[in-house]
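Colleague: quick one, structure for this:
(chains A, B, C and D)
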Protein chains: 2
Amino acid sequence: MSPKKEQLILIATDLFSRHGFHPVGIDRILAEAGVARMTLYNHFPSKDDLIAAVLDRRYHDIMASLRACVEPMASAKEQLRAIFAWHETWFGTPQFSGCLFERALAEFGTDYPNISAVAIRYKKTMTAWMTDMLKALLQEPAAARIASILMILLDGATIDARAFHDPTIATKAWNAAEAVIEQEILASKKPSA
Amino acid sequence: MSPKKEQLILIATDLFSRHGFHPVGIDRILAEAGVARMTLYNHFPSKDDLIAAVLDRRYHDIMASLRACVEPMASAKEQLRAIFAWHETWFGTPQFSGCLFERALAEFGTDYPNISAVAIRYKKTMTAWMTDMLKALLQEPAAARIASILMILLDGATIDARAFHDPTIATKAWNAAEAVIEQEILASKKPSA
DNA sequence: CTATTTAGATAGAACGGTCAGTATAGAAAG
DNA sequence: CTTTCTATACTGACCGTTCTATCTAAATAG
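Modeller: From the prediction side, this is the model:
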């Protein structure tokens, strides 16, 4: 991987995150990255491809970072809590300006499959991952059901953390998640009640 | 209110909802609304003002529609459930393409206070409203805390309903909401446990 | 009732700016 | 010598916005 290409993805990620995909033009990326115009087009056929590369990189970075936070945890409950804690740390970052996948989905919608596909893949991977964790606590159909609720909580927390500039929303979301999990465990033990 | 102005807001709302604010140009709105260029600029100083008008209208429409669904309900629980049910109906609409306020927040961020203000006002109004409802079930600090969780659930459900094309996510969100509320009521009755 | 004014709406051209993408020629570096 | 990057100018297309000139219908005045 060429250092110039690397630089482009890095700067583009930052600019897209802070201002969005449409408002950030090629020229601005080139200026801030200190890269010539043709160098960009040697590495990426078009702006859309650069966006796709940014999203793909972001996907792998986030998943790796999350895995590093979760793996040390012993119990399923602690692992799930680690995911929410990771989000709280993220929300507190000065550069935090929402989830890049959500932004891509909001700006491009389903019209651009190349771009929206990454956002959906991210959601599906996360949900499947949390389903696996929940299998240690719950039966199969319930695990998937609760996982999708946890995904809702994470997505909602990400939205509201940005809107309200409040990182502690992640903790509130985790409290809700724990309540839902506990109630489900209780219900599974007493199916008659 | 001039019928042309009305028409512009209506068509613009539809186009912005389906394709986003940046990708939809003035020309397209004019063409689909069947309105002359200068008519638009007689009613709105700029595109940004049209966007603000669209968001403002949307805000009042949504709140009115929600109130109509909630008011007939007798108990606080039923009222809250009605809010989630309203979302499920909305998610199932063929034209559903996410929340316009979220989209505005995603596309314009905090850089454009005129525009992002409506989105934040919407969230705050909803949270305050749900806090009032919850006061029938919970004490003061808990009511506000749970209300912000319900807001997280609604926002997350809206995001995921669009991403997964699944309106029933609203029901899952309500199930989670109910679990959180019930657990909080229980905890308030047994403060020692 | 007729003439005149007024207010809105219309179509279309045009402006300045920006944008993504292309072309070309030269510099740097191994 | 070959590959990569740089610099700059350019192309079309599109964008938001302004301008002008024309049309229509209703209100007003004589």
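Colleague: could you use CA atoms for every contact and neighbour count after this?
Modeller: OK.
Colleague: so where is chain A shaky, pLDDT-wise?
Modeller: Within chain A, the ranges that satisfy pLDDT under 70 run A:1, A:191-193.
Colleague: how near is the residue nearest the centre of it to A:L154?
Modeller: The geometric centre of chain A, computed from its C-alpha atoms, lies nearest to A:C99 (Cα atoms, centre = their mean), at 5.8 Å. According to Cα to Cα, to the nearest Å, A:C99 and A:L154 sit 11 Å apart.
Colleague: same question, A:S97
Modeller: Applying Cα to Cα, the value for A:S97 to A:L154 is 15 Å.
Colleague: okay, helices next: where are they in chain A?
Modeller: For chain A, applying DSSP state H gives helices covering A:3-19, A:26-33, A:37-43, A:47-70, A:76-92, A:100-108, A:113-134, A:140-164, A:169-189.
Colleague: turn these into CSV, columns for distance to B:A161 and mean neighbour count.
Modeller: Shown next, in CSV, are the helices of chain A (distance: least, Cα to Cα, whole Å; neighbours: other Cα atoms under 10 Å in any protein chain shown):
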stretch, distance to B:A161, mean neighbour count
helix A:3-19, 23, 18
helix A:26-33, 33, 16
helix A:37-43, 36, 13
helix A:47-70, 21, 16
helix A:76-92, 21, 19
helix A:100-108, 12, 24
helix A:113-134, 11, 18
helix A:140-164, 9, 23
helix A:169-189, 19, 19
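Colleague: okay if I get those helices as a markdown table plus distance to B:R57?
Modeller: Putting these into a markdown table (distance: least, Cα to Cα, whole Å) gives the following:
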| stretch | distance to B:R57 |
| --- | --- |
| helix A:3-19 | 26 |
| helix A:26-33 | 35 |
| helix A:37-43 | 42 |
| helix A:47-70 | 33 |
| helix A:76-92 | 31 |
| helix A:100-108 | 20 |
| helix A:113-134 | 29 |
| helix A:140-164 | 20 |
| helix A:169-189 | 29 |
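Colleague: let me have those in CSV, adding distance to DNA strand D as columns.
Modeller: Converted to CSV, the helices of chain A look like this (distance: least, Cα to the nearest atom of the strand, whole Å):
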stretch, distance to DNA strand D
helix A:3-19, 5
helix A:26-33, 9
helix A:37-43, 5
helix A:47-70, 13
helix A:76-92, 32
helix A:100-108, 14
helix A:113-134, 20
helix A:140-164, 25
helix A:169-189, 35
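Colleague: excluding its backbone neighbours, what's nearest whichever residue of chain A sits closest to chain B?
Modeller: Closest to chain B within chain A is A:G156: 3.7 Å, counting by Cα to the nearest Cα. Excluding its sequence neighbours, the residue lying closest to A:G156 (Cα to Cα, 6 or more residues apart in numbering or on different chains) is B:G156, at 3.7 Å.
Colleague: same check on A:M151?
Modeller: Using Cα to Cα, 6+ apart and skipping the chain neighbours, the partner closest in space to A:M151 is A:T127 (6.2 Å).
Colleague: in contact with that neighbour: list those residues for me.
Modeller: A:144, A:147-148, A:150-151 (Cα atoms under 8 Å, 6 or more residues apart in numbering or on different chains).
Colleague: and if we set it to 7 Å?
Modeller: Contacts of A:T127 were listed using Cα atoms under 7 Å, 6 or more residues apart in numbering or on different chains, and they are A:147-148, A:151.
Colleague: same question, A:I159
Modeller: Going by Cα under 7 Å, 6+ apart, A:I159 touches A:G98.
Colleague: what do you get if the cut-off is 10 Å, keeping everything else the same?
Modeller: A:97-99, A:102, A:153, A:165, A:169, B:102, B:105-106, B:152, B:155-156, B:159 (Cα atoms under 10 Å, 6 or more residues apart in numbering or on different chains).
Colleague: A:I62 too?
Modeller: Neighbours of A:I62 in contact, by Cα under 10 Å, 6+ apart: A:68, A:122.
Colleague: give me the distance between A:S97 and A:D132.
Modeller: To A:D132, A:S97 is 29 Å away according to Cα to Cα.
Colleague: give me phi/psi at A:P45?
Modeller: phi -60, psi -30 (degrees, to the nearest 10).
Colleague: domain parsing of chain A, as residue ranges.
Modeller: What automatic domain parsing lists as the domains of chain A is A:1-44, A:58-189.
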